[in-house]
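A.B. asks: got a structure for you, letters missing:
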């Protein structure tokens with residue numbers, strides 16, 4: 001099997017510590033004679049450290065243990081005004097009462113978050129109006145918005161209002177891919193994030209299972 005947090009497989013793996021009828025072994029993918037080591041090194045460069053340790057090195061890692069690393073090191077940016085002819089994209093997470101709505105504006109070329117806007121308990125009509133203004137301000141930026149739950153009708157309304165918007169359906173698979181990609185970017189420190197304490201704390205507290 002392959003480790004995935006401290007789940008049932010981990011419990012079986014450790015049974016040999018207390019039960020003489022059980023034994024355990026651990027081999028990394030480097031022990032597999034059918035996989036060239038240079039192929040594994042290519043994977044090391046393409047995967048986050050956490051994913052590589054689990055999938056290739058067969059290490060049991062506690063759930064939520066450092067999913068995003070080095071966050072404070074590159075969360076140092078101040079809001080930036082749009083640059084003419086530069087392409088921007090906005091990630092949009094909808095919320096209302098229990099969770100805030102968040103818009104994260106990115107400079108695609110520079111791989112930098114240039115603005116982070118958080119809205120607490122605003123009516124949806126006002127949210128859409130502000131989102132449209134934000135998109136227009138940043139050179140008619142494409143909005144990538146979560147479609148799940150209440151997102152579907154809001155995306156339709158935003159499109160009707162003239163916002164360039166693309167739905168994103170969150171599933172276990174798409175979320176895992178997004179998280180792994182962001183974790184790899186964090187480890188390499190090849191992105192820049194806004195110096196926003198709440199945003200930093202959200203990323204430091206992120207857990208996976």
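C.D. replies: Perfect, I can see it now. Source: prediction; values computed, not measured.

A.B. asks: Point to the residue nearest the middle of the chain.
C.D. replies: Nearest to the mean C-alpha position of the chain, by C-alpha atoms, centre = their mean, lies residue 179 at 3.3 Å.

A.B. asks: Doesn't it belong to a helix?
C.D. replies: Yes: assessed by DSSP: H, G, I helix; E, B strand; the rest coil, residue 179 belongs to a helix.

A.B. asks: Local confidence estimate at it?
C.D. replies: pLDDT for residue 179: 90.

A.B. asks: same thing with the one 3 residues further on?
C.D. replies: Reading off the per-residue confidence, residue 182 sits at a pLDDT of 91.

A.B. asks: ok, it to residue 49 distance?
C.D. replies: 13 Å (C-beta to C-beta, to the nearest Å). Any C-beta I mention is one placed from the backbone N, CA and C, and that applies to glycine too.

A.B. asks: ditto for residue 109
C.D. replies: Distance, residue 109 to residue 49, using C-beta to C-beta: 27 Å.

A.B. asks: Please say which of those two ends up with more neighbours.
C.D. replies: Under the criterion of other C-beta atoms under 10 Å, the comparison of residue 109 against residue 49 puts residue 49 first, with 17 against 10.

A.B. asks: What residues does the more buried one make contact with?
C.D. replies: By C-beta atoms under 8 Å, 6 or more residues apart in numbering, the residues touching residue 49 are 69, 183, 187.

A.B. asks: Buried subset of these, written for PyMOL?
C.D. replies: To isolate the buried members of these in PyMOL, using 16 or more other C-beta atoms under 10 Å:
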select buried, resi 183+187
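
A.B. asks: Identify, from the contacts of residue 49, the entry nearest to residue 136.
C.D. replies: Taking C-beta to C-beta as the measure, residue 183 is the one of the contacts of residue 49 closest to residue 136, at 32.5 Å.

A.B. asks: Ignoring the adjacent residues along the chain, who's closest to that closest one?
C.D. replies: Nearest residue to residue 183 in three dimensions, chain neighbours excluded: residue 48, at 3.9 Å (C-beta to C-beta, 6 or more residues apart in numbering).

A.B. asks: Then residue 141?
C.D. replies: What sits nearest to residue 141 in space, not counting adjacent residues and going by C-beta to C-beta, 6+ apart, is residue 88, at 3.9 Å.

A.B. asks: mind listing the helices for the protein?
C.D. replies: 8-13, 37-46, 49-55, 71-74, 124-137, 151-160, 172-188, 197-204 (DSSP state H).

A.B. asks: ok, and what's touching the fifth one?
C.D. replies: Outside of helix 124-137, the residues within contact range by C-beta under 8 Å, 6+ apart are 82, 90, 92, 94, 96, 101, 103, 105, 115, 117, 119, 122, 141-143, 154, 157-158, 161-164.

A.B. asks: any idea of the mean pLDDT in that helix?
C.D. replies: Averaged over helix 124-137, pLDDT sits at 96.
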